[in-house]
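Novice: what shape does this take:
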Amino acid sequence: MRNRSSERSDPQRISMELRGQILQGVFPLGARMPTEDEMCRQFGASRYSVREAMRVLTEEGLVARRPRIGTIVAATKPSEHFVQSVPSMQKLLNYPEGTVRKTIGTGYVEANAELAALLKCPVGERRFRIRALRYAVGSSVPLCYTDIYILPQYATIVNHPHHEFTLVSDQIREVFGERAEKTVIEISSSSIKRNIAKLLDVKPATPSLTVTRRYANARGEEFETTVAVHPASRYTYSFEFKRQP
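Specialist: Residues are numbered from 1 along each chain as shown. This next block holds a predicted model:
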């Protein structure tokens, strides 16, 4: 049987106590946390246990390491984190229930060299762009920023009655009969640009998970390209595939 001392020195117990102290205001925003040595003495714990506990709090966004200062309180509540578990390849194409895409801007754009490389189209070709933020229902913290580029003839899709709750590709199929016969998904790591960082309420250059989806019709024409930028601390893709009997 574990005694009280060993339980208190467990990394999970240490992180729980420190988290509670942060949430209760014992350590206010910006306050310097005790040093590693101080926490080892306070909890009667090893350096490993203390480091593991602080790692958990860092991943939650509650504390952050600052050069020449130490570890400080970076937030007074854990950052929101959304996990999408994908049981099949088809499910990978969609976000789960419980999220909503809020449009923050629309308009026509002409592809410059950078955008043309992304869309794999000639420089100067036009696209209709939908800018949006995705949220978990009931939350004010955006999970990701999204740019949706579609062919100009589909621009009126923004008037679809369920535009913010369903995939744009599904809406295009429903309204225009254009079906995605092939979808390519690219997942990469990147850093968040300054203009997008402001919308996501994170610092510029914050690590991100960028998911690009390309929808092509039977003729091989790419009629929609969607680029979603997720702060790394707020989103996880979890894949689960089962062998069919």
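
Novice: when you work out contacts or count neighbours from here on, use the C-alpha atoms and nothing else.
Specialist: OK.

Novice: so where do the helices sit in the protein?
Specialist: For the chain, the helices defined by DSSP state H cover 4-8, 11-23, 36-43, 47-59, 89-92, 113-119, 168-176, 194-200.

Novice: okay, now the domains of this structure?
Specialist: Using automatic domain parsing, the domain parsing of the chain gives 4-73, 82-239.

Novice: make a markdown table out of those and add mean pLDDT.
Specialist: Shown next, in a markdown table, are the domains of the chain (pLDDT from 0 to 100):
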| stretch | mean pLDDT |
| --- | --- |
| domain 4-73 | 86 |
| domain 82-239 | 87 |
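
Novice: rebuild those domains as a markdown table, extending it with mean neighbour count.
Specialist: Formatted as a markdown table, the domains of the chain follow (neighbours: other CA atoms under 10 Å):
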| stretch | mean neighbour count |
| --- | --- |
| domain 4-73 | 17 |
| domain 82-239 | 16 |
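
Novice: which ones are touching I187?
Specialist: 209-212 (CA atoms under 8 Å, 6 or more residues apart in numbering).

Novice: beta partners for the residue nearest the centre of the chain?
Specialist: Nearest to the geometric centre of the chain sits H230, at 2.9 Å (CA atoms, centre = their mean). H230 has these beta-bridge partners by DSSP bridges: L209.

Novice: so for the residue nearest to E60 when sequence neighbours are not counted, what's the pLDDT?
Specialist: What sits nearest to E60 in space, not counting adjacent residues and going by CA to CA, 6 or more residues apart in numbering, is P78, at 5.1 Å. Per-residue confidence (pLDDT) for P78: 70.

Novice: next, count neighbours for P78.
Specialist: Using other CA atoms under 10 Å, P78 has 17 neighbouring residues.

Novice: that one: what's it in contact with?
Specialist: P78 makes contact with 60-62, according to CA under 8 Å, 6+ apart.

Novice: list just the nearest of these to G20.
Specialist: Among the contacts of P78, L62 lies closest to G20 (CA to CA), at 10.9 Å.

Novice: follow-up on the earlier one: where's the residue nearest to E60 relative to L62, distance?
Specialist: Per CA to CA, to the nearest Å, P78 is found 6 Å from L62.

Novice: same check on I14?
Specialist: I14 sits 14 Å away from L62 when distances are taken as CA to CA.

Novice: with adjacent residues omitted, what lies nearest to L200?
Specialist: Using CA to CA, 6+ apart and skipping residues adjacent in sequence, the residue nearest L200 is P142, 5.9 Å away.

Novice: no, scratch that, I was asking about V175
Specialist: Using CA to CA, 6+ apart, the nearest residue to V175 is I157, at 7.8 Å.
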